[in-house]
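S.K.: Return atomic coordinates for the entry below.
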Amino acid sequence: MIFKVEQIAEWIDAKVVGDPSVEIDHFSAIEQGNQKGLSFLANPKYENYLYTTEASAVIVDEGIELKHPVKAVLLKVKNPYASFTALLRMYEKMVRPTYEGISPSAFIHEEAHVDASCYIGEGAVISKGAVIEEGVEIHPQVFVGEGVKIGRHSILYTGAKIYHGTQLGEYVIVHANAVLGSDGFGFAPDAEGIYSKIPQLGNVVVKDHVEIGACCTIDRATFGSTIIEEGVKLDNQVHLAHNVTIGAHSAIAAQTGIAGSTKLGKRALIGGQVGIVGHLSIGNDVKVQAQTGIARNVKDNEKLQGTPAIDYTNYNKSYVLFKNLAKLEQRIRELEQQLKTLDS
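M.R.: Below you'll find the model as predicted:
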């Protein structure tokens, strides 16, 4: 699809500096821009690319002060990142395929309810008592267990597995091969150390506008519910154990694992490969750097890094020292040798 800069400017309320009739047919990163491409500049670290990019147009901050001439047409806005994101959303709606109807190869139990507006793809299974509401997309080879409820306009991509009793809200997105509602890791050893399975009788509850990445695994509760509150975003390969609660509008990056019964507050930002032990309370607005290990309760607004986790600022100060421990040890040995020489 081809658009003119003047059209794009109208959509995002931008001021055009340059030729408004320039044509755009794709998006690109500013450092990789080429003819008919549209890029954006939000991070000052990338400003040097503005003066060398081959992109035909760049969305920039309205207050930018140019240091050198620019070949690209500029679209000046209040918030370049937000404007570019809004533009991507508009474009996605234009080009995204339309999914309709129920495949003849799908299995839908006679006691399931599937709204007539839903899409059910090839090889999908909808079990007894499941309720699939208006506008839901169930892509090929998705399994929906007994008694599952999926709210309006949610999307389950290929191979997702939704175990019995799981409840999904509206506008939820579950990416390929995610598993929701598998048994929590509950086993009790006897006197001889032989494990017996503890029945996992609860469920998983996912609130509205949650997005769950590919290959995530979310365990059902032992009793009660594992709860993902509204607006949570999970990257690929995140694991949430039984009875975990994730507070509203939190974001968790890939390969993070949270052990059973831990409660994560609202608006938490959790980096990749973070490990959080069970039965903890993590406050609101907490920020955790990648590969951090948390083994204690965390207060609101804390920023953490390291294993075991310490304050982020303190970690950075400490890092200056412990990355040089070998050199410091050598200096101490040399000083000790000098003292021995003086003593003798």
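S.K.: what's the pLDDT at residue 337?
M.R.: If you check residue 337, the pLDDT there is 88.
S.K.: Ok, residue 13 next?
M.R.: Reported pLDDT for residue 13: 95.
S.K.: just residue 326 next, same as before
M.R.: On pLDDT, residue 326 comes in at 86.
S.K.: and it, which of the three is it?
M.R.: Three-state call for residue 326 (DSSP: H, G, I helix; E, B strand; the rest coil): helix.
S.K.: and it, how many neighbours?
M.R.: For residue 326, the tally of surrounding residues (other C-beta atoms under 10 Å) stands at 9. In short, each C-beta sits where N, CA and C put it, glycine included.
S.K.: ok, now how distant is it from residue 332?
M.R.: 11 Å (C-beta to C-beta, to the nearest Å).
S.K.: how about the helices in the chain?
M.R.: Under the criterion DSSP state H, the chain contains helices at 5-12, 47-50, 80-95, 312-322, 325-343.
S.K.: Now distance to residue 124 too, for these, in a markdown table please.
M.R.: Below are the helices of the chain laid out as a markdown table (distance: least, C-beta to C-beta, whole Å):
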| stretch | distance to residue 124 |
| --- | --- |
| helix 5-12 | 36 |
| helix 47-50 | 45 |
| helix 80-95 | 23 |
| helix 312-322 | 45 |
| helix 325-343 | 56 |
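S.K.: Flag whichever of the ones you listed has the least confidence on average.
M.R.: Lowest mean pLDDT within the helices of the chain: helix 312-322, a mean of 80.
S.K.: What lies in contact with that helix?
M.R.: With contact meaning C-beta atoms under 8 Å, 6 or more residues apart in numbering, helix 312-322 is reached by 287, 289, 303-306, 310, 328.
S.K.: Per the annotation, how does this protein divide into domains?
M.R.: For the chain, the structural domains run 3-95, 107-316, going by automatic domain parsing.
S.K.: Can you check which of those gets nearest to residue 342?
M.R.: Nearest to residue 342, of all those, is domain 107-316, at 36.8 Å by C-beta to C-beta.
S.K.: circling back to that earlier point, of the helices of the chain, which is nearest residue 249?
M.R.: That would be helix 80-95 among these, by C-beta to C-beta, at 16.3 Å.
S.K.: Pull out the buried positions in that closest one.
M.R.: Within helix 80-95, the residues scored as buried using 16 or more other C-beta atoms under 10 Å are 80, 83-84, 87, 91.
S.K.: looking at this protein, which helix or strand is least sure?
M.R.: Within the chain, no helix or strand scores below helix 312-322, which has a mean of 80 by mean pLDDT, DSSP states H and E.
S.K.: returning to that earlier point: let me know the closest of the contacts of helix 312-322 to residue 12.
M.R.: Comparing the contacts of helix 312-322 against residue 12 with C-beta to C-beta places residue 287 closest, at 29.7 Å.
S.K.: any idea how far the closest one is from residue 2?
M.R.: 42 Å.
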